[in-house]
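In: How does the following fold in three dimensions:
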Amino acid sequence: MAALDVWQVTAVYGMYGVNMANVFYLKVIDDTGIADEGIGVRDVFINQVIPDIKVFQSDDLTYECFLLRKVFPQSTPAEVHLTSLTGDVVGSGHQTNQVLTISHYSEDGRPRYRGRYFISGFPKTWSALGRVGVPHKGKADALATLLTGTITENTHTYRMQHFSNFLSTFHDIMNVRMQPILTKHRNRTPGTCSIT
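Out: So this is what the prediction gives:
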């Protein structure tokens, strides 16, 4: 893998018969010595990124796969990595279209430098009248640090990216904001993880 390569990671998960997906971008800063680039990206994503997201998800939610492909400097075919990870919180979650919204910003934060992640499976016991409970601020701060800083797996380093559709360019995520109220989001059903 080369430094400054950018990988797209699509996390596909399901809950209560509905599948959802989130798309993330990860820039390689230094991965010297990794033989298989896809495995290296998968490992950092599963070991470093997903744990800070799963703490906001009910154990009724199950990740089905991660679809990985290099998108910069050139695109490569997607690799399918099956999984059976679940959310960390015991108990039922809100329906998949009731989401925790995390807005992220790069550069000066103008519209072309903004994006959002929609996190399904938020535990029902963690919200009152649709509001995210204050006791979970520490978890939110940890996720913000991960999204805006350097991520290290063994001795290899990566950085989360925002993709600007308007500019067709990637930018370091500089700031994040977690919405204090769950929002209703239109369900988007991704393709299945099956490659048969």
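
In: Three-state assignment for the spatially most central residue of the chain, please.
Out: Residue closest to the average C-alpha location in the chain (C-alpha atoms, centre = their mean): residue 24, at 5.1 Å. Of the three states, residue 24 takes strand under DSSP: H, G, I helix; E, B strand; the rest coil.

In: Show the contacting residues for it.
Out: If you count contacts by C-beta atoms under 8 Å, 6 or more residues apart in numbering, residue 24 has them with 8-11, 45, 49, 117, 160. Backbone N, C-alpha and C define where each C-beta goes, glycine included.

In: I'd like those residues laid out as TSV, including distance to residue 111.
Out: Shown next, in TSV, are the contacts of residue 24 (distance: C-beta to C-beta, whole Å):
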residue	distance to residue 111
8	21
9	24
10	23
11	25
45	27
49	25
117	17
160	19
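
In: List the ones among the residues you listed that fall in strands.
Out: Per DSSP state E, strands hold the following members of the contacts of residue 24: 8-11, 117, 160.

In: what are the bridge partners for the residue nearest to the centre of the chain, then?
Out: Beta-bridge partners for residue 24, by DSSP bridges, are residue 9.

In: and if you look at residue 132?
Out: With DSSP bridges as the criterion, residue 132 is bridged to residue 127.

In: For this structure, which segments count as helices?
Out: Shown for the chain, the helices assigned by DSSP state H span residues 37-44, 50-54, 137-148.

In: Those into TSV, with extra columns for mean pLDDT, distance to residue 17 and mean neighbour count?
Out: TSV is the format used below for these (pLDDT from 0 to 100; distance: least, C-beta to C-beta, whole Å; neighbours: other C-beta atoms under 10 Å):
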stretch	mean pLDDT	distance to residue 17	mean neighbour count
helix 37-44	88	27	20
helix 50-54	95	20	19
helix 137-148	89	27	16
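
In: Using JSON lines, lay out those helices together with distance to residue 18.
Out: As requested, those are exported to JSON lines (distance: least, C-beta to C-beta, whole Å):
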{"stretch": "helix 37-44", "distance to residue 18": "25"}
{"stretch": "helix 50-54", "distance to residue 18": "18"}
{"stretch": "helix 137-148", "distance to residue 18": "23"}
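
In: which one of these lies closest to residue 167?
Out: Closest to residue 167 of the helices of the chain is helix 137-148 (C-beta to C-beta; 19.9 Å).

In: now for that closest one, which elements pack on it?
Out: helix 50-54, strand 98-105, strand 156-164, strand 175-178 (3 or more C-beta pairs under 8 Å, 6 or more residues apart in numbering; DSSP states H and E).

In: pLDDT weak spots in this protein?
Out: Along the chain, the model assigns pLDDT under 70 to residues 1, 129-130, 133-135, 187-192, 194-196.
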